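Student: structure for the following, please:
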Amino acid sequence: MPRTALYPPEAHLAGGGEQIGICVKRPAEPGAGGVLSSPEDPKVAAFSEAGVARLIKTATDLFSKGNNTEALTHLSEAVARYPHDDVLATKHADALRLNSQFGKAVAEYRRALGLDETNFDAWYGLGLADYELGADGEAAESFRRALALTANVSAVHLELGKALFYLGEIDAALDHIRQAAETPDPELRRRAIGTIACIVPGSPRATNASILEDRRVWAQIEAAREGPPNPSIQRPHAPQGKLRLGYCSKFFHTRNWMKPVWGVINHHDRSAFEIHLFSDGLPPSAESGYQADPLDHVHDIRDLSNADVASLVTRTGIDILVDLNGYSFQRRLGFLMRRPAPVNVGWFNMYATSGIDAFDYIVGDAVVIPTAEEQFYCERVLRVPGSYLAYSVLYPVPDVAPPPCLAAGFITFASLCSQYKINDEVIEAWAMILRQAPEARLLIKNAALGDSTNRAALHERFGRWEIPPTRVLLEGPAKHEAFLAAYERVDIALDTFPYNGGTTTMEALWQGVPVLTFNGDRWASRQSRSLLLAAGLDDWVMPDRDAYIARAVTLARSPTTAVELASLRATLRERLARSPVCDSAGLCRALEGIYRQVAKRKI
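Tutor: Sure thing, here's the model as predicted:
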């Protein structure tokens, strides 16, 4: 889930929703003197209270009007004259942050805290700046320091929750975000509830029922903001000619994520379907995997409001609108609530119910959504044969390498999943594996681990289970091909839970690395199972967590594992290419059959 998926703080000083400003403690004194000419003069060690207060008020007024650049110029001059005022330094740091100069903001917040370590606003602002830099461990500590000074500030609980989420401490994150949602401030409450709806499927404590409830609460708030659905849209009656399909995504340009999408779209029958791509990001391209067809239509919607996108979809005459974003671009879900097309379908980037009544259908498969769980979906559940995902690798990738255990003499487990999927239960399971297989090593590589404070936080969590840093190698991000090349150093990938890998699982398999998973209790925790079963790798799907741990330990200890992995690795890519998990054409035909049926209201 991209960092931009979560609601950002509002672009003003207090971070949105509440008036924080607790440390602005120098009210102007009527009739007080002007600006000091020599701030270092010992005669004026206390500075001019009124002069500083006027400077702060001017800056605050500029912030309130959105003049962040002008505020920065004003405050840069002010701190040069009054370098020992912690409140002025904090305002200057705020201006740097709001002008996206995050590294400089961090330094200035720290300077302010050197002047007064009880400055609440400086701790809060420091947390915001570190969060923007991806230093979630540092951000979380700053937010905790702010709450230690003033405990009941909902905006800080929300931002702390977001930082903890990206560290993988998801249940602790939700505790803070739910506390933020208790605020009487409606905008801050909306952002907190929206964040809960976004991240809750990955919570070990969540259930299918609680996920549905959390998402419904947010959807009701957003639907009220978006306004009533378009009353002119009626469900189609046996459309004549081509069906107009609209696919909506922010991520058409990302070749690693969109492998299943392009596999389907490239195989669409243009004689029966007219394809429209509504793009919220960079345009689709051959590099991203899109095989452009002259009959297709690409619509750039990056600068459009939800109302404008809904109007565009309606004017275009889309028969079936397929959302590919899900909660990975949550703010755009609002335009679907306006019902711009007769039929709304969710596919690809869904890991649970949307909770949105405007979705008519959601597409999965029999593995990720068993019949007994349909009660936890507000959409009508439709299933394709095999897996609801089929991967086409449409760009060069590294060759498959032999398993490293042949040379090393021990098994290297790995996870290249996003850090927010590595929760405390995952760490406990992996620690149990490492403790029972003392020669084994674990490699964890993801974008969050490019930051030293995030690496330290993860090592500390493994340390609670007495796993030393020498057993767990942590690596940060890399360019995509180099990222995939890391699988040369991996024998077996360990899946995360309850939020499995999807793209990560398939990329590991394509690089010859088997993925060990188990059957979970919700869609998000069955994605890898869906892919592995479709790939014919049933023996890598365990029935439960205990069996998953036991199987990993057995593999690490067995003297035959290296030879078995070498044999599997040598043929795995070829096996995948012949299996349903890579049958994009077959998945496309299945989806086209669904589209025809829903257009005619036969299902």
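Student: for the helix or strand encompassing Leu565, give the mean pLDDT please.
Tutor: Assigned by DSSP states H and E, Leu565 falls within helix 561-578. Mean per-residue pLDDT for helix 561-578: 97.
Student: and if you look at stretch 413-421?
Tutor: 98.
Student: for that stretch, measure first residue to last.
Tutor: 16 Å (C-alpha to C-alpha, to the nearest Å).
Student: for that stretch, the distance to its chain's centre please.
Tutor: 13 Å (C-alpha atoms, centre = their mean, to the nearest Å).
Student: and Lys242, how many neighbours?
Tutor: 15 (other C-beta atoms under 10 Å). To be clear about C-beta, it is placed using only N, CA and C from the backbone, and glycine gets the same treatment.
Student: Gly355 too?
Tutor: Neighbourhood size, Gly355 [other C-beta under 10 Å]: 24.
Student: on the three-state scheme, it is what?
Tutor: What DSSP: H, G, I helix; E, B strand; the rest coil gives for Gly355 is coil.
Student: where does it land on pLDDT?
Tutor: For Gly355, the predicted pLDDT is 98.
Student: residue contacts, the residue nearest to it when sequence neighbours are not counted?
Tutor: Of all residues not flanking Gly355 in the chain, Arg215 sits nearest, at 2.5 Å (C-beta to C-beta, 6 or more residues apart in numbering). By C-beta atoms under 8 Å, 6 or more residues apart in numbering, the contact set of Arg215 is 197, 200, 352-356.
Student: can you give me the buried ones in the helix or strand bottoming out on mean pLDDT in the chain?
Tutor: Least confident helix or strand, the chain: helix 49-64 with a mean of 82, by mean pLDDT, DSSP states H and E. Within helix 49-64, the residues scored as buried using 16 or more other C-beta atoms under 10 Å are 49-56, 58-60, 62-63.
Student: possible to save the residues you listed as CSV with distance to Met1?
Tutor: Below are the buried residues of helix 49-64 laid out as CSV (distance: C-beta to C-beta, whole Å):
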residue, distance to Met1
Glu49, 47
Ala50, 48
Gly51, 47
Val52, 43
Ala53, 43
Arg54, 44
Leu55, 41
Ile56, 38
Thr58, 40
Ala59, 35
Thr60, 34
Leu62, 34
Phe63, 30
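Student: looking at these, which is nearest Gln436?
Tutor: Phe63 (55.8 Å; C-beta to C-beta).
Student: roughly how far apart are the closest one and Val400?
Tutor: Distance of Phe63 to Val400, computed by C-beta to C-beta, to the nearest Å: 55 Å.
Student: got it, and Gly263?
Tutor: 20 Å.
Student: the two - which one has more neighbours?
Tutor: Using other C-beta under 10 Å as the criterion, Gly263 and Val400 rank with Gly263 on top: 23 against 18.
Student: that one contacts Leu591, doesn't it?
Tutor: No. Applying C-beta atoms under 8 Å, one finds Gly263 not in contact with Leu591, separated by 10.8 Å.
Student: how about the closest residue to Ala181 other than its chain neighbours, what does it touch?
Tutor: Excluding its sequence neighbours, the residue lying closest to Ala181 (C-beta to C-beta, 6+ apart) is Ala192, at 3.9 Å. If you count contacts by C-beta under 8 Å, 6+ apart, Ala192 has them with 154, 158, 177-178, 180-181, 183.
Student: picking that back up, and the helix holding Leu565, what does it pack onto?
Tutor: helix 405-408, helix 503-510 (3 or more C-beta pairs under 8 Å, 6 or more residues apart in numbering; DSSP states H and E).
Student: and those helices, which is most packed in?
Tutor: helix 503-510 (a mean of 24; mean count of other C-beta atoms under 10 Å).
Student: which other helices and strands does it contact?
Tutor: Against helix 503-510 (3+ C-beta pairs under 8 Å, 6+ apart) you get strand 492-494, strand 515-518, helix 527-534, helix 561-578.
Student: hmm, try it at 10 Å
Tutor: helix 259-265, strand 412-415, helix 480-485, strand 492-494, strand 515-518, helix 527-534, helix 561-578 (3 or more C-beta pairs under 10 Å, 6 or more residues apart in numbering; DSSP states H and E).
Student: avg pLDDT for that helix?
Tutor: Here the average pLDDT along helix 503-510 is 98.
Student: spell out which helix or strand contains Thr69, please.
Tutor: Judged by DSSP H and E, Thr69 forms part of helix 68-81.
Student: from Trp123, how far off is Glu159?
Tutor: 11 Å.
Student: what touches both of these two?
Tutor: 142-143, 146 (C-beta atoms under 10 Å, 6 or more residues apart in numbering).
Student: Val363: what's it in contact with?
Tutor: Contacts of Val363 (C-beta under 10 Å, 6+ apart): 322, 345-348, 350, 369, 379, 381-384, 388, 587, 590-591, 594-595.
Student: what do you get if the cut-off is 7 Å, keeping everything else the same?
Tutor: 345-347, 382, 384, 388, 594 (C-beta atoms under 7 Å, 6 or more residues apart in numbering).
Student: again with Asp136
Tutor: Counting by C-beta under 7 Å, 6+ apart, Asp136 has contacts 163, 166-167, 448, 454.
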